[in-house]
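**Q** with the sequence up front, the predicted model follows.
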Amino acid sequence: MTRPAPSLAPQSVAAEERAAVTAALLEATAQLVGQADALATIQSMCEGVVAATPHIRLAWAWFGHPDTREIRPLVAAGPAKAYADALVIERHLLTSMDPAVRALRSQETDASAVARLSLYGPWRAASKTYGFEVAAAFPIHIPNARKRGLLVFYADNADYFERVGEKPFAAFARLAEATLAQAELRAQLHRKATHDALTGLHNRGWLTEELDRTHANAERYGQRYALMMFDLDGFKAINDRNGHAAGDRALATAARLAKEETRRGDVIGRWGGDEFVAILPESDTAAAVAVAERIRARLAAVDMKTADAPIALHAGFGVAAYPVAATTIDDLLRAADAALYVAKRGGGNRVAAAPPLPQT
């Protein structure tokens with residue numbers, strides 16, 4: 001059972017409360033500059049508010065689809081954190097008047113008394129156990145149009161948000177929006193730096209770094225892995241006859257099919273032009289050849305429609321396995337490239353494997 005909350009009646013007390021919350025806001029703003037993790041930043045915001053005033057019993061945040069059937073806090077802070085950790089707000093008739101549900105639906109701030117005589121049992125229990133008298137929910141507008149967010153505060157005085165005002169808490173919601181926007185921008189920049197814009201696959205720079213990591217682990221732990229290289233047969237002719245738009249479609253199609261035929265732990269990317277490279281952890285030559293054959297067959301089954309005539313997609317593949325075909329990254333790349341050359345010289349639309357190193 002909680003103790004009765006101290007009164008907020010004097011205006012001076014309300015002013016002190018506003019100052020404390022504003023100071024927490026300024027501190028959270030300063031943290032935003034150096035924090036890379038959006039959830040960690042918003043967690044710090046919640047902790048800052050409840051540390052600034054004993055009247056805020058709980059602060060929590062949620063992000064998800066606007067049509068979600070239930071709301072579960074993702075971060076929370078305060079003396080009543082245990083309540084948030086177990087909280088699941090299912091959207092139905094009895095919870096339709098919950099401030100979080102109403103704020104999510106209307107996209108406007110909603111402050112409501114927490115009724116001890118509510119028909120909804122969990123609200124009655126929380127009000128009695130944690131001393132909740134009022135809850136204020138602030139919508140968070142997220143850059144991703146398919147998501148929404150909420151920042152919710154619970155206070156122990158029924159007129160808390162009237163006396164102190166909603167503006168400092170609304171500012172926290174705006175700060176949360178800035179945090180999420182910054183995180184979204186950072187993710188976009190990272191994707192542009194590591195992915196190929198046309199195919200959506202990893203680019204050569206990222207593949208090179210991943211190959212370094214894979215090789216180092218293989219050397220350290222005695223693991224095996226394989227490289228697969230392939231490029232489209234007659235790609236220049238596709239561009240010349242059908243235009244670069246058709247060539248781009250061919251590359252995007254090849255990337256999609258190759259991605260579908262590799263495992264979750266495999267890494268595939270665009271090496272340059274119409275050439276692709278895949279890193280296949282824990283794979284030997286036979287396993288790499290099997291992957292290449294699946295991709296080759298999928299490509300050969302494609303009948304890409306264009307304004308002029310259908311385009312058949314074929315590709316040559318070269319595979320090389322560590323440590324069977326080579327023991328260094330450069331030698332393994334050369335071995336896979338040489339195997340690819342053998343496949344292309346043989347007419348394309350085939351898979352060739354690098355031979356094992358000579359026995360010493």
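**A** Received, thanks.
**Q** so how far is stretch 70-87 off the chain centroid?
**A** In this view, stretch 70-87 has its centroid 22 Å away from the chain centroid, taken as C-alpha atoms, centre = their mean, to the nearest Å.
**Q** residues in contact with it?
**A** By C-beta atoms under 8 Å, 6 or more residues apart in numbering, the surrounding residues in contact with stretch 70-87 are 39, 42-43, 46-47, 49-50, 56-64, 88-91, 100-101, 104, 126, 129-130, 132, 150, 152, 154. Backbone N, C-alpha and C define where each C-beta goes, glycine included.
**Q** now do 6 Å
**A** Contacts to stretch 70-87, defined as C-beta atoms under 6 Å, 6 or more residues apart in numbering, come from residues 39, 42-43, 46-47, 50, 57-62, 88-90, 100, 126, 130.
**Q** ranges for the strands of the protein?
**A** Secondary structure of the chain by DSSP state E: the strands cover 56-64, 70-71, 75-77, 89-90, 110-113, 134-140, 148-155, 225-232, 267-272, 275-281, 303-304, 311-312, 315-322, 351-353.
**Q** what's the closest of those strands to A197?
**A** Comparing the strands of the chain against A197 with C-beta to C-beta, the closest turns out to be strand 267-272 (9.8 Å).
**Q** pLDDT weak spots in the stretch 1-150 of the chain?
**A** Residues of the stretch 1-150 of the chain meeting the criterion pLDDT under 70: 1-13, 23, 25-26, 28-36, 115-123.
**Q** which non-adjacent residue is nearest P356?
**A** In space, not counting the residues next to it along the chain, P356 is nearest to V324; the distance is 4.8 Å by C-beta to C-beta, 6 or more residues apart in numbering.
**Q** could you measure from that neighbour over to A226?
**A** Here V324 is placed at a distance of 9 Å from A226 (C-beta to C-beta, to the nearest Å).
**Q** who has more neighbours, those two?
**A** For V324 and A226, the more surrounded residue by other C-beta atoms under 10 Å is A226, and the numbers stand at 29 against 18.
**Q** wait, isn't the residue nearest to P356 in contact with A354?
**A** No: contact status for V324 versus A354: not in contact, 8.2 Å apart, counting by C-beta atoms under 6 Å.
**Q** common neighbours of the two, please.
**A** Taking C-beta under 6 Å, 6+ apart as the contact rule, V324 and A354 have no neighbour in common.
**Q** how deep is R163 tucked in, by neighbour count?
**A** When neighbours are defined as other C-beta under 10 Å, R163 has 20 of them.
**Q** how confident was the prediction at it?
**A** Confidence per residue is given as pLDDT, and for R163 that number is 90.
**Q** can you tell me the closest non-neighbouring residue to it?
**A** Nearest residue to R163, sequence neighbours excluded (C-beta to C-beta, 6+ apart): A14, at 4.3 Å.
**Q** I'd like the distance between that neighbour and L207.
**A** Between A14 and L207 the computed distance is 59 Å (C-beta to C-beta).
**Q** and the two? Which one has more around it.
**A** Set side by side, A14 and L207 show unequal neighbour counts under other C-beta under 10 Å, the larger going to L207 at 22 against 17.
**Q** I'd say that one and R270 touch.
**A** No: using C-beta under 6 Å, L207 is not in contact with R270, being 8.4 Å away.
**Q** tell me which residues touch L280, please.
**A** Contacts of L280 were listed using C-beta under 6 Å, 6+ apart, and they are A226, D266, A288.
**Q** what's the neighbour count on the last one?
**A** Think A288. Neighbour number of A288 under other C-beta under 10 Å is 26.
**Q** what pLDDT does it get?
**A** Predicted confidence (pLDDT) for A288: 98.
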